[in-house]
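Colleague: Following is a predicted model, sequence given first.
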Amino acid sequence: MPNCEHNMSGFNTSPLLHKRPHAIDDVMTAQELGRGGGLIEGGRKFHFAPGLLARLLAPGFHKLLDRIDKGLETGSILGHLPNGETRLLGGRAPGFDAEIILNDWRGLLRLATAGSVGWFQAWEAGEWETPDLVPVFAVFNANAATLGDSGRAKGFWRAGMRFAHWLNRNTHSGSERNINAHYDLGNDFYGEWLGETMAYSSGIFSDDDTSLDAAQLAKIEALAGRMQIKPGDKVLEIGCGWGTLAAHLADDHGADVTGISLSDQQLEFADAHRVPGKGSVEYRKQDYRDVTGQFDAIASCEMVEALGREYWPTFMDTIARCLKPGGRAAIQHISFNDELFDAYASSADFIQAYVFPGGLLIRNSEFRALAEERGLRWVDQTDFGIHYAETLRIWREQFELAVANGRLPIGFDEKFIRLWRYYLTYCEGGFRGGGIDVHQVTLIKE
């Protein structure tokens, strides 16, 4: 992995950045075999097996291909079909160009009925393949509005997946279970591909030569700048991850930071790598709903996607309650296309089924309205989705390198590796296609 040996302009790199877990040095126990199986097992609630139905409906699949063809306003899909036919869908205007080899008609049936969940299950079953996953997801995202429900779950399957997703809702106990399922896969696992900063969120790249770690530090400083931190300020970080942002605010800005998380392994890492600096950091295992007291500033970097829509008001209540008058909150969050949000939220997608149980991307207009209703002025929004695509590309390259060199910790089998590979490319394609975006915004308490 690249080392971040130089300083960013205006601040020093934290000592935390030069310490991370190395799986190759760790001795794993037999009890750790099967790691990541909880996510795969959780996805089984969403499983759809088409069986013989696909063969019976095969002649009608050309109608689905016709709808996809009509919906591709930009870009193209070159499809190699099970009957030996090759068909070009779209191709009328420049855009992302994908190639798909459909080995079994059942893959199309899964897509038509179970949406992105079924499309992953079809890929995992070998019913379709491609030379490059990223443009497949990018072309679907770039044409999401015109494709309509061609790639979304429908009818019984949509209702079933919505119910399965409801079972993962973020109550107090549900939140801890969902966070543990994803973030407690292991510090040794995440340490192999996140980079020296251990930052699991989008960086901000200044040019093509910017390293991942430099981009992550630029993101951290951008968040710090929004809060206008002064030495001695009390700062709350909601969802502190492995502690990099909290450590930076304390070490380089002299803040007294309280970082909260529900991940045992993240908190263990953050505590172990804390280096005394100008300010102080206290890490707590605590739900955001249970925080008391008031703070000069609040930070939250890509935590709100784990809440679920029904808890967005509660999150904004927490910000309004815990922020001092005139205080500033810096939020980094991922949004889904506003106009298409209702269709997205009416079911569950691949990410919710297999990767982030209980999660939901943000509807920017609704999130902003909730903030303003509580006297939180929404200012200085910046959008940088293409930076997230680049972040994901580097994560994927580093993950693949760790796999190739045998550096992943013991216990992650081929099924999990394929799931993680699909997840990283799925997200990269989403950002490249513009279906999802990432933002930073400042909330000021009036």
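Modeller: Received the coordinates, thanks.

Colleague: what's the spacing between stretch 415-426 and its chain's center?
Modeller: 13 Å (Cα atoms, centre = their mean, to the nearest Å).

Colleague: ok, and what's touching it?
Modeller: 35-37, 39-40, 116, 120, 123-124, 133-134, 137, 350-351, 354-355, 392, 395-396, 399-400, 403, 408 (Cβ atoms under 8 Å, 6 or more residues apart in numbering). Heads up, the C-betas are built off the backbone N, CA and C, glycines and all.

Colleague: what about the residue nearest to residue 287 when sequence neighbours are not counted, how many neighbours?
Modeller: Excluding the flanking residues, the one nearest residue 287 by Cβ to Cβ, 6 or more residues apart in numbering is residue 172, at 5.8 Å. Counted with other Cβ atoms under 10 Å, the neighbours of residue 172 add up to 11.

Colleague: Could you do the one 3 residues further on as well?
Modeller: Under the neighbour criterion other Cβ under 10 Å, residue 175 is assigned a count of 21.

Colleague: That one and residue 308 touch, don't they?
Modeller: No. The pair residue 175 / residue 308 is not scored as a contact, 9.0 Å apart, by Cβ atoms under 8 Å.

Colleague: Need the overlap of contacts for the two.
Modeller: residue 358.

Colleague: Would you map the helices across the stretch 151-300 of the chain?
Modeller: 155-166, 172-183, 187-190, 212-227, 244-253, 264-272 (DSSP state H, counting those that start in this stretch).

Colleague: Mean neighbour count, these: which tops it?
Modeller: helix 244-253 (a mean of 26; mean count of other Cβ atoms under 10 Å).

Colleague: Among the helices of the stretch 151-300 of the chain, which comes closest to residue 76?
Modeller: Among the helices of the stretch 151-300 of the chain, the nearest to residue 76 by Cβ to Cβ is helix 155-166 (27.7 Å).

Colleague: model confidence over the closest one, on average?
Modeller: On average, the pLDDT along helix 155-166 is 65.

Colleague: got it, and stretch 241-261?
Modeller: 95.

Colleague: Work out the gap between that stretch and the centre of the chain.
Modeller: 22 Å.

Colleague: Equivalent analysis for stretch 90-107, please.
Modeller: 25 Å.

Colleague: Kindly report the same for stretch 386-401.
Modeller: Worked out by Cα atoms, centre = their mean, stretch 386-401 lies 12 Å from the chain centre.

Colleague: export that stretch as CSV, just CAs?
Modeller: The C-alpha coordinates for stretch 386-401 follow below in CSV (Å, rounded to 0.1, in the frame of the first residue of the first chain):
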residue,chain,number,x,y,z
ILE,A,386,-16.3,11.2,-9.3
HIS,A,387,-13.8,11.4,-6.4
TYR,A,388,-15.6,8.5,-4.8
ALA,A,389,-15.4,6.5,-8.0
GLU,A,390,-11.6,7.1,-7.9
THR,A,391,-11.4,6.1,-4.2
LEU,A,392,-13.3,2.9,-4.9
ARG,A,393,-11.0,2.1,-7.9
ILE,A,394,-8.0,2.3,-5.7
TRP,A,395,-9.6,0.3,-2.9
ARG,A,396,-10.5,-2.4,-5.5
GLU,A,397,-6.9,-2.5,-6.8
GLN,A,398,-5.5,-2.8,-3.3
PHE,A,399,-8.1,-5.5,-2.4
GLU,A,400,-7.2,-7.5,-5.5
LEU,A,401,-3.5,-7.1,-4.8
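
Colleague: buried ones in it?
Modeller: For stretch 386-401, a neighbour-count test (16 or more other Cβ atoms under 10 Å) marks 387, 388, 389, 390, 391, 392, 393, 394, 395, 396, 398, 399 as buried.

Colleague: Including secondary structure, distance to residue 201 and pLDDT, could those residues go into CSV?
Modeller: As requested, those are arranged in CSV below (DSSP: H, G, I helix; E, B strand; the rest coil; distance: Cβ to Cβ, whole Å; pLDDT from 0 to 100):
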residue, secondary structure, distance to residue 201, pLDDT
387, helix, 11, 98
388, helix, 8, 98
389, helix, 13, 98
390, helix, 13, 98
391, helix, 8, 98
392, helix, 11, 98
393, helix, 15, 98
394, helix, 13, 98
395, helix, 11, 98
396, helix, 15, 98
398, helix, 15, 98
399, helix, 16, 98
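
Colleague: Just the closest of the residues you listed to residue 436, please.
Modeller: Among these, and counting by Cβ to Cβ, the member closest to residue 436 is residue 388, at 8.2 Å.
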